[in-house]
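Engineer: turn this into a model:
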Amino acid sequence: MSADIVINGKSWSTAAMDQQADASGYILIRTDGDPLNKAQKRELKNIDVQIHEFLGGGGCCEDDEDENQQQIYLCGYPKGNSLDPIRALSYIDYVDVYSNDLVIHDAVERLRARPVMHRANTNGPSHSNSTSGFAVANHASLISARTAPVFYMEAENTRVHVAPEDKMVEVDVLLHHDITGEVPQELIDRFCAVEGLKELITNEASGVIRLKIDEDALEDIAKFDEVRVIHPVNERVLMANIARRLLGFPVLDTSSAANDCTTTTSPPSFPSSSSSLFSSSCRYQGHDQIVCVADTGFDKGSTTDVHQAFAGRVMALHPWGRKGDTDDPDGHGTHVCGCVLGQGQHNLEGQVTGTAPAASLMLQSFFVRFNWQGQSVLGGYPSDLGRLFKQAYEAGARIHSNSWGTPPSVRDNFKQRPYDASAESIDRFIWDHQDMTVLFAAGNDGQDTNLDGQVNERSLGAEASAKNCITVGASENLRPTLTSGKKGDPYTYGLFWPQKFPLNPLKDDHQADNPEGLAAFSSRGPTAENRLKPDVVAPGTAILSARSRSKKYANGVDKTGVSGDERYQYLSGTSMATPLVAGCCAVVREALLANGYQDVVVVASNVNGGDDGGIAAPAIVNPTGSLIKALLINGAMPIKGQYVPDDLGHGPNPHSGFGRVHVAETLSMIEPEIQGMGGYGVSFISEETEEPFIVRISVPSLASLGSNGDGNGNMGNRGHRDLTFKVTMAYADLPGAALANDLNLMVFSGDGTKQRHGNQGDQEFPAGSERPFDRRNNVEQVVWPQVAPGDSVQVQVRPYRMMLADVPFAYAWKFF
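Structural biologist: Just a heads-up that it's a prediction; the model follows:
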């Protein structure tokens with residue numbers, strides 16, 4: 001096994017090891033190749049080893065083939081104890097103290113002497129009262145005022161030395177997993193005693209401490225044994241109707257645009273676009289669903305005086321970036337809200353409709369001001385993004401849409417953002433609230449940097465790398481005659497982004513003439529940890545939606561397309577694709593509840609919860625985010641896109657993910673037109689038994705398929721008698737850069753002689769094969785063509801590594 005491991009982006013040699021844990025109460029252990037089983041975890045616990053987190057093989061190397069074999073765990077261990085009892089265990093390959101040299105993430109090291117732009121109000125709805133010069137943390141406020149910690153300049157308090165502003169960095173300090181609840185006062189005092197600290201904000205729910213500090217003082221912070229990792233804080237930016245039809249919704253009437261559906265070009269055909277499927281996608285419009293949008297703002301900032309596309313459906317507006325203000329001078333947020341749930345009448349286009357026009361809106365506003373270039377400055381983001389989601393969750397929202405993020409930075413040579421504190425807070429909230437669906441835009445940083453006519457990979461934002469969210473990329477819309485501005489300039493990638501796409505074939509390509517293509521600007525995966533992202537794509541070019549009545553700079557509004565109605569405007573970006581999918585999630589959730597969704601509650605257990613682990617109790621509960629994710633992905637239509645490597649192959653890929661969302665196909669698994677053609681389920685794997693989940697699914701007979709063909713048992717326009725089986729498994733994982741709980745999806749042929757594994761393309765293996773399996777992703781899919789009617793398939797979910805007593809998952813399947 002390799003002598004080196006990668007932790008927090010840093011390579012670490014395992015050649016030299018300490019004999020005892022004098023330097024730290026935290027250690028790294030590596031097994032001999034297999035994950036720790038329940039008996040081994042119990043044995044380690046008996047010698048005072050507390051397993052905190054699975055770190056994988058580092059997960060930050062693009063070509064780290066050894067990662068699949070490395071099983072590295074971060075653990076707590078009594079400081080000063082000998083490490084020999086651990087090394088004596090036959091299944092332990094390596095053990096050493098967790099060095100403070102590993103604490104500062106490599107992403108911070110790369111940005112030293114490159115200060116992060118300071119955002120206004122970095123921790124919530126209230127504003128800081130601190131002034132320039134010396135700043136101190138008011139400890140009483142930090143402990144008691146949890147909703148909005150405030151910093152003061154107070155003469156009676158001890159001053160904290162402040163370094164020159166150009167040496168200041170803003171970082172998130174994450175504490176070890178066994179430090180929960182209120183951050184100890186003694187630890188806060190030690191932080192404040194560090195020379196060079198300017199600001200400190202703490203959050204008891206997540207163990208995140210945000211610092212503004214002299215970069216030379218970071219090593220002093222890293223020496224605190226309680227500190228697990230230090231991440232950079234990055235500036236957030238915005239990720240900015242045919243779209244409905246491309247997503248599998250019908251045209252509502254002959255005069256309606258249905259979110260810019262009017263076109264003289266025929267839409268693409270879909271394999272199951274029957275009238276019954278379209279009636280389902282028309283019937284479900286997000287009734288009784290609340291969608292929360294976090295963005296610049298909304299229209300005039302009123303819940304009563306609203307744009308006509310939202311009449312009667314604006315539930316609440318919450319200011320985070322400006323005190324008391326939620327209007328939308330930028331226009332981005334209002335357009336995004338329209339993509340989710342707008343429904344209005346355009347002077348020329350007819351009805352312009354979002355994907356969930358019956359849903360209700362909750363909005364969190366992050367607009368602060370315009371900079372000197374007229375671009376929006378966003379602020380108010382808490383150090384723990386879970387606070388955003390919690391506000392929405394407690395108000396009844398179960399879908400949260402985010403068209404912003406931290407993209408790769410020119411200061412870091414556009415290097416892929418690694419999994420950071422923001423991604424961890426996203427995963428933590430979803431793990432703790434399994435019925436929440438959170439979506440993030442992939443980003444708009446696709447570009448052809450090496451001028452080879454292909455869009456480069458690895459350009460995702462940090463939040464988009466979270467395991468448990470739905471990450472959305474952009475495909476092309478279908479508006480081939482649209483031009484830019486009143487002069488009718490070509491609507492091409494080169495015109496809008498001349499530096500990103502300076503040469504053909506990308507330069508002169510129209511942005512909205514190929515619905516099977518990807519938007520060239522859409523950020524690509526995989527993540528820095530080599531996970532597959534984005535999850536899905538949706539139309540994101542030339543999207544017509546609501547225009548804010550508070551929009552300040554209107555002189556350039558026609559560049560993105562002349563609307564012909566000042567109440568509506570065109571915009572492009574993964575910012576538009578994401579809310580379109582959020583509305584789809586509301587529709588899917590409505591359909592699940594309407595069809596009597598039932599689930600088994602599995603209470604998320606603490607990683608150190610002992611043998612009791614998770615608690616299972618039957619009940620009728622909300623649909624899980626994992627089920628909505630599995631249904632969306634299994635219904636998605638694979639599209640390869642253009643300007644991608646020739647060897648990309650079929651199946652999921654880092655450009656288009658699992659494909660373009662198609663709501664009619666997703667609803668066909670909730671309300672199948674023919675019994676047995678589709679379905680879904682939820683269950684959990686128990687560490688106690690480590691038994692796989694098994695379900696056998698019968699392939700529909702020719703007789704049952706007759707009504708979908710010519711009435712004589714033939715398959716109509718399918719052209720053959722065989723079917724294709726498609727199944728997707730998804731589950732929420734524990735927070736952390738590595739895949740902690742590793743479940744494997746497998747499908748067996750009816751006679752049990754062949755099997756296929758999740759995310760392994762069209763590879764087929766003989767029964768009993770133990771490799772290869774996906775060790776990085778918590779979404780897996782198997783597509784098996786040419787299964788014979790009347791036969792059967794067996795779906796299995798097997799545990800490979802479990803950090804908890806019970807791990808819930810969801811699956812969705814269909815024949816086509």
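Engineer: quick one: the strands in the stretch 201-350 of the chain?
Structural biologist: Under the criterion DSSP state E, counting those that start in this stretch, strands of the stretch 201-350 of the chain are mapped to 208-214, 227-232, 237-238, 290-295, 314-319, 343-346, 350-353.
Engineer: and this structure, what are its domain boundaries?
Structural biologist: Taking automatic domain parsing as the reference, the chain has its domains at 4-99, 107-232, 237-593, 678-816.
Engineer: of those domains, which is nearest H662?
Structural biologist: With Cβ to Cβ as the measure, domain 237-593 is the member of these nearest H662 (3.8 Å). (Each C-beta comes from the backbone N, C-alpha and C, glycine too.)
Engineer: can you list the weak-confidence ranges in the stretch 201-350 of the chain?
Structural biologist: Residue ranges of the stretch 201-350 of the chain with pLDDT under 70: 204-206, 240-281.
Engineer: now do the stretch 501-650 of the chain
Structural biologist: Counting by pLDDT under 70, the stretch 501-650 of the chain contains low-confidence residues at 599-621.
Engineer: need the helices for it, in chain order.
Structural biologist: Ranges of helices in the stretch 501-650 of the chain, per DSSP state H, counting those that start in this stretch, are 574-594, 625-635.
Engineer: export these to JSON lines and tack on mean neighbour count and distance to S550?
Structural biologist: Shown next, in JSON lines, are those (neighbours: other Cβ atoms under 10 Å; distance: least, Cβ to Cβ, whole Å):
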{"stretch": "helix 574-594", "mean neighbour count": "29", "distance to S550": "18"}
{"stretch": "helix 625-635", "mean neighbour count": "28", "distance to S550": "33"}
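Engineer: what ranges do the strands span in the stretch 451-600 of the chain?
Structural biologist: Under the criterion DSSP E, counting those that start in this stretch, strands of the stretch 451-600 of the chain are mapped to 470-475, 536-539, 543-546, 568-571, 599-603.
Engineer: now the longest one - C-alpha only, CSV.
Structural biologist: Meaning strand 470-475. Only the C-alpha atoms of strand 470-475 are listed here, as CSV (Å, rounded to 0.1, in the frame of the first residue of the first chain):
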residue,chain,number,x,y,z
ILE,A,470,-29.0,18.1,-6.3
THR,A,471,-26.4,19.8,-8.5
VAL,A,472,-27.9,21.3,-11.7
GLY,A,473,-26.1,22.1,-14.9
ALA,A,474,-27.5,23.8,-18.0
SER,A,475,-28.6,22.4,-21.3
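Engineer: what angle do it and helix 574-594 make?
Structural biologist: 130 degrees (axes from the mean of the first three to the mean of the last three Cα atoms, to 10 degrees).
Engineer: what's the offset of strand 470-475 from the middle of its chain?
Structural biologist: Put simply, strand 470-475 sits 9 Å off its chain's centre (Cα atoms, centre = their mean, to the nearest Å).
Engineer: check the fourth one too.
Structural biologist: Remark: strand 568-571 is offset 26 Å from the chain centroid, using Cα atoms, centre = their mean.
Engineer: quick one: residues in contact with it.
Structural biologist: Residues from elsewhere that reach strand 568-571 (Cβ atoms under 8 Å, 6 or more residues apart in numbering): 240, 331-332, 335, 344, 346, 349, 352, 482, 542-547, 557, 560-561, 563.
Engineer: counting neighbours, what do you get for E235?
Structural biologist: Using other Cβ atoms under 10 Å, E235 has 16 neighbouring residues.
Engineer: ramachandran angles for it?
Structural biologist: phi -70, psi 130 (degrees, to the nearest 10).
Engineer: tell me the spacing between it and G181.
Structural biologist: Note on E235: its distance to G181, by Cβ to Cβ, to the nearest Å, is 30 Å.
Engineer: report the buried residues of stretch 224-239.
Structural biologist: 225-239 (16 or more other Cβ atoms under 10 Å).
Engineer: so R756 belongs to a helix, correct?
Structural biologist: No - looking at R756 with DSSP: H, G, I helix; E, B strand; the rest coil, it is strand, so not inside a helix.
Engineer: what separates it from P534, distance-wise?
Structural biologist: Taking Cβ to Cβ, one finds R756 at 23 Å from P534.
Engineer: who has more neighbours out of those two?
Structural biologist: When R756 and P534 are compared on other Cβ under 10 Å, the one with more neighbours turns out to be P534, at 33 against 22.
Engineer: list the residues that contact the more buried one.
Structural biologist: Per Cβ under 8 Å, 6+ apart, neighbours of P534: A442, L460, A464, T471, V472, G473, S522, S523, G525, S656, G657.
Engineer: rerun at 6 Å
Structural biologist: A442, T471, V472, G473, G657 (Cβ atoms under 6 Å, 6 or more residues apart in numbering).
Engineer: center of the protein - which residue?
Structural biologist: For the chain, the residue nearest the mean C-alpha position is C469 (3.1 Å; Cα atoms, centre = their mean).
Engineer: pretty sure it contacts A442?
Structural biologist: No - C469 is beyond contact range of A442, at 10.7 Å (criterion: Cβ atoms under 6 Å).
Engineer: distance between stretch 733-749 and the chain's centre?
Structural biologist: Put simply, stretch 733-749 sits 16 Å off its chain's centre (Cα atoms, centre = their mean).
Engineer: now it: mean pLDDT?
Structural biologist: The average pLDDT for stretch 733-749 rounds to 96.
Engineer: that older thread, of all the strands of the stretch 451-600 of the chain, which one comes closest to G76?
Structural biologist: Closest to G76 of the strands of the stretch 451-600 of the chain is strand 599-603 (Cβ to Cβ; 23.1 Å).
Engineer: where does pLDDT dip in the stretch 351-500 of the chain?
Structural biologist: Looking at the stretch 351-500 of the chain by pLDDT under 70, you get 412.
Engineer: circling back to that earlier point, using a markdown table, please lay out the strands of the stretch 451-600 of the chain together with mean neighbour count and distance to R210.
Structural biologist: Compiled in a markdown table, the strands of the stretch 451-600 of the chain are given as follows (neighbours: other Cβ under 10 Å; distance: least, Cβ to Cβ, whole Å):
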| stretch | mean neighbour count | distance to R210 |
| --- | --- | --- |
| strand 470-475 | 32 | 25 |
| strand 536-539 | 30 | 32 |
| strand 543-546 | 32 | 34 |
| strand 568-571 | 25 | 32 |
| strand 599-603 | 18 | 30 |
